[in-house]
Structures are given as structure tokens and as C-alpha cells.
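S.K.: okay, sequence plus prediction incoming.
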Amino acid sequence: MRQGFHYHLKINYCLKIRSEYYNLFVPLSLFRLVNPMTSKNIHITDAELSRAREYIAGQFIARSWWPKEQPGEAKREFELMKGSAGSLNAWCERWLDAGQAKKLEKTLRG
């Protein structure tokens, strides 16, 4: 049998690492500290707030699966958190993956 880790599976806010001897659940917040590829360094300012809201609302309309995990819950939280730049930054950190955050930042600043 092949030794080492067999696969990685993202479950809500944990990374499940499975080997033939044990299952390990690591909080994604710790995984992000180790893996810079998952970083989402986006900071929406008050001046960019309306464009960010328009972009995110447009993504919800154009893609029923956006963001990738739990889009229905993400949309409900967006409606509650879209009022200020600080709360929208928190929403983005929670719901967008690195690629989606990069596209949003490119839209805002590109």
C-alpha cells in the first residue's frame, strides 16, 4: 500500500487529511498560515464599496453556484453584510476562495 497522505478533502472550515493510519482535521485558518496560495489579501475601501457590491451581486445573478461553497447561505449573509466596507471584507474572507478574491480585486483596481 502507498504510504503517506492519500487525499485532501475540504469540509466546511476544516481540511481533512487522511492516511492509512489516521484521519486528521486541521482548521483552514491554520492551513492558510502555511499555504500562501490560499491567501485572500483583499481590502475593500469605502470608495470601492458600491463597485464591490455590484460585482458580487452580478456574480450571484450570473452564476447560481457562486461562490463555490454554500452559495445560498453566502447570498443571505451578503445581504446582511453589504452595508459597510469592513463587513464586506469579512464576508469576502469567509466566502471567496483565492481566485474569486483576486478577480474581485482586479475588477476594483484593474
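M.R.: Looks like it arrived, so ask away.
S.K.: next, the buried residues of stretch 62-77.
M.R.: Within stretch 62-77, the residues that qualify as buried are W66, P67, P71, A74, K75, E77, counting by 16 or more other C-beta atoms under 10 Å. Bear in mind the C-beta positions are built from the backbone N, C-alpha and C, glycine included.
S.K.: I'd say the first one and A57 touch.
M.R.: This means W66. No: if you go by C-beta atoms under 8 Å, W66 and A57 don't touch, sitting 10.7 Å apart.
S.K.: what's P71 in contact with, if anything?
M.R.: Contacts for P71 were tallied using C-beta atoms under 8 Å, 6 or more residues apart in numbering; they are F60, S64, W65.
S.K.: got it, and Q59?
M.R.: Contacts for Q59 were tallied using C-beta under 8 Å, 6+ apart; they are W66, P67.
S.K.: which SS class is it?
M.R.: For Q59, the secondary structure call by DSSP: H, G, I helix; E, B strand; the rest coil comes out as helix.
S.K.: walk me through the domains of the protein.
M.R.: Listed domain ranges for the chain are 5-36, 46-109 (source: automatic domain parsing).
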